[in-house]
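> Okay, predicted coordinates and the sequence, questions at the end:
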Amino acid sequence: MATEVKATTPVELRGSSGGRVSGKGWKHSKSATRRSHLPAGVKARTWEERMEKEKKEGAIKKLEQELKEEKNAEFTRRKDVTAQRKKAALERQQFEEMKAKMSAKKAARLKRKAGRSKKVNG
């Protein structure tokens, strides 16, 4: 009695994305989500079109920023000029007050000195 070994070929399983089959014939295989809620304009445009639009928007935003900076620079310049003028006016006013005060002291001093002279007393 000779035993013969028959070569058996393995049974191929049904292919799946995960390599594993559930065995449930009624289960549907899953596919990638289709986002139907996106607007038609987004779906229709190509990547290059979107990048070009983004580049244009970036250039516009940059120009707006530059204009805003210029406007702020002009505003701060005017503010500085006004502050300098106010400071100069305050210094002038203080100088005039000091001058009047010193002039009054000098006049009083001269008056006292004049009272001591022979011509006035004498």
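Now that the structure is in, tell me what you want to look at. Numbering: from 1, shown residues only.
> From residue 46, how far out is residue 53?
Distance of residue 53 to residue 46, given as C-beta to C-beta, to the nearest Å: 11 Å. C-beta here means a position set from N, CA and C on the backbone, and glycine is covered the same way.
> swap that for residue 24, please
41 Å.
> who has more neighbours, residue 53 and residue 46?
residue 53 (11 against 8; other C-beta atoms under 10 Å).
> Now that one: which helix or strand?
In this assignment (DSSP states H and E), residue 53 forms part of helix 47-116.
> residues contacting the spatially most central residue of the chain?
Taking C-alpha atoms, centre = their mean as the criterion, residue 65 is the residue nearest the geometric centre of the chain, at 9.3 Å. Residue 65 makes no contacts at all, as judged by C-beta atoms under 8 Å, 6 or more residues apart in numbering.
> ok, residue 35 - how many residues close by?
Neighbour tally, residue 35, other C-beta under 10 Å: 8.
> Give me the pLDDT for it.
For residue 35, the pLDDT comes out at 70.
> Likewise for residue 80?
At residue 80, the pLDDT value in this model is 97.
> before we move on, what about residue 15?
58.
> Name all residues that make contact with residue 103.
Per C-beta under 8 Å, 6+ apart, neighbours of residue 103: none.
> Renumber starting at 49 from here on
In the new numbering, first residue 49, that becomes residue 151.
> gap between it and residue 144?
Counting by C-beta to C-beta - residue 151 and residue 144 are separated by 10 Å.
> How about residue 96?
Counting by C-beta to C-beta, the gap from residue 96 to residue 144 is 72 Å.
> Equivalent analysis for residue 98, please.
Distance from residue 98 to residue 144, by C-beta to C-beta: 69 Å.
> and what of residue 152?
Residue 152 is 13 Å from residue 144, by C-beta to C-beta.
> now do residue 124
For residue 124, the distance to residue 144 equals 31 Å [C-beta to C-beta].
> And residue 85, by the same measure?
Distance of residue 85 to residue 144, given as C-beta to C-beta: 76 Å.
> Low-confidence ranges, this structure, go.
49-51, 53, 59-71, 165-170 (pLDDT under 70).
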